[in-house]
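Student: Whatever this is, show me its structure:
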Amino acid sequence: MYLYCFGYNFKRIIEIYTRLGILLSKKQEKFGSFNYYTYFCELKIRNFRIMGSQINLLQTVLNSPRTVFTIQSLVMLSGIDDSKKITKSLHYYTNDGKILNPRRGIYTKLKYEMQEMACSLFRPSYISLEYVLQRAGVVFQWDDTITCVSYLSRTVEVNDKLYQYRKINPELWIGMEGIEQRDNIAIAIPERAFLDMMYLSAGNCYFDNLRPLSIRRIRELLPLYRSEKLNERVAKLLNIKL
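Tutor: You can find the predicted model right below:
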């Protein structure tokens with residue numbers, strides 16, 4: 001199936017199609033005394049689908065409340081099940097300055113949420129530990145590093161921002177109580193961040209102010225860790241019976 005495009009105003013269209021890797025051929029014809037160029041565009045149906053998928057993908061990114069994306073998330077959000085096609089489209093729009101590619105496999109809007117980036121670099125993961133406790137007023141020493149709990153231990157820098165991940169027992173992922181989900185962000189409530197800290201540091205940590213913490217919520221979350229040693233450390237620190 002072919003599409004015949006008449007007129008010299010299609011020069012820009014051909015430039016765009018050429019960038020997309022679509023085969024074009026041009027031949028000149030004359031009509032009467034007028035010297036017009038007829039552009040013969042040999043386009044298969046699949047090439048229109050490529051263009052349509054790129055447009056839909058960009059619209060998906062720009063219209064989404066999310067600001068950070070992976071290939072897998074875009075497959076689900078866009079309905080385009082060809083990951084190679086998505087990768088090519090993302091590469092095109094990155095070069096065109098419409099989106100960013102701050103790290104391999106990670107794509108963002110021109111302005112993105114750093115908390116969302118923290119939860120996207122490694123999955124599964126959630127924001128916890130010092131980052132949450134500082135903002136809750138439990139730990140006073142301030143640090144801009146976003147601290148997370150994940151399946152590995154790693155420190156990553158993206159655009160001059162540090163993201164720190166600490167490995168936790170995979171069995172603890174069964175219980176997601178005390179973790180708030182907001183779109184693409186998962187963040188622990190202060191009580192869960194406190195217990196994560198006590199669990200991962202074996203009690204070798206310091207808290208400036210325990211008053212913001214709810215003892216009731218700590219009691220509810222403790223069974224998730226299935227650790228008698230953690231129970232003992234928490235009971236001693238908070239001076240409570242469990």
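
Student: Tell me where the protein has helices.
Tutor: With DSSP state H, the ranges of helices along the chain come out as 11-19, 45-63, 71-78, 83-95, 114-121, 129-136, 190-200, 215-221, 228-238.

Student: mind checking how far Asn239 is from Tyr199?
Tutor: Using C-beta to C-beta, to the nearest Å, Asn239 is found at 19 Å from Tyr199. Yep, even glycine has a C-beta here, placed from its N, CA and C like the rest.

Student: Give me the more crowded residue out of the two.
Tutor: Tyr199 (21 against 7; other C-beta atoms under 10 Å).

Student: my guess is Ser120 contacts Gln72, does it?
Tutor: No - if you go by C-beta atoms under 8 Å, Ser120 and Gln72 don't touch, sitting 10.3 Å apart.

Student: what about the two, which has more around it?
Tutor: Neighbours were counted for Ser120 and for Gln72 using other C-beta under 10 Å; Ser120 has more, 25 against 12.

Student: And that one, how close does it get to Ser128?
Tutor: Distance, Ser120 to Ser128, using C-beta to C-beta: 16 Å.

Student: same thing with Cys205?
Tutor: Separation of Cys205 from Ser128 (C-beta to C-beta) stands at 13 Å.

Student: Distance check, Glu116 against Ala202.
Tutor: Plainly put, Glu116 is 31 Å away from Ala202 if you go by C-beta to C-beta.

Student: These two: who's more crowded?
Tutor: In this view Glu116 and Ala202 are compared by other C-beta under 10 Å, and Glu116 has more residues nearby, 19 against 10.

Student: The more buried one contacts Arg66, correct?
Tutor: Yes - using C-beta under 8 Å, Glu116 and Arg66 qualify as a contacting pair, with a distance of 6.8 Å.

Student: how deep is Arg135 tucked in, by neighbour count?
Tutor: Arg135: 14 neighbours (other C-beta under 10 Å).

Student: In contact with it, which residues are there?
Tutor: Remark: with contacts taken as C-beta atoms under 8 Å, 6 or more residues apart in numbering, Arg135 is in contact with nothing.

Student: What lies in contact with the lengthiest strand in the chain?
Tutor: Identified as the longest strand of the chain according to DSSP state E is strand 161-167. Outside strand 161-167, the residues within contact range by C-beta under 8 Å, 6+ apart are 114, 117-118, 121-122, 125, 129, 144-157, 200.

Student: Just the buried residues out of the residues you listed, in ChimeraX syntax.
Tutor: In ChimeraX, selecting the buried portion of the contacts of strand 161-167, with burial taken from 16 or more other C-beta atoms under 10 Å, looks like this:
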select :117,118,121,125,129,145,146,147,148,149,150,156,200
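
Student: Strands - which of the contacts of strand 161-167 land there?
Tutor: Secondary structure assignment (DSSP E) places Ser125, Ile146, Thr147, Cys148, Val149, Ser150, Arg154, Thr155, Val156, Glu157 from those within strands.

Student: Fine, thanks again, bye for now.
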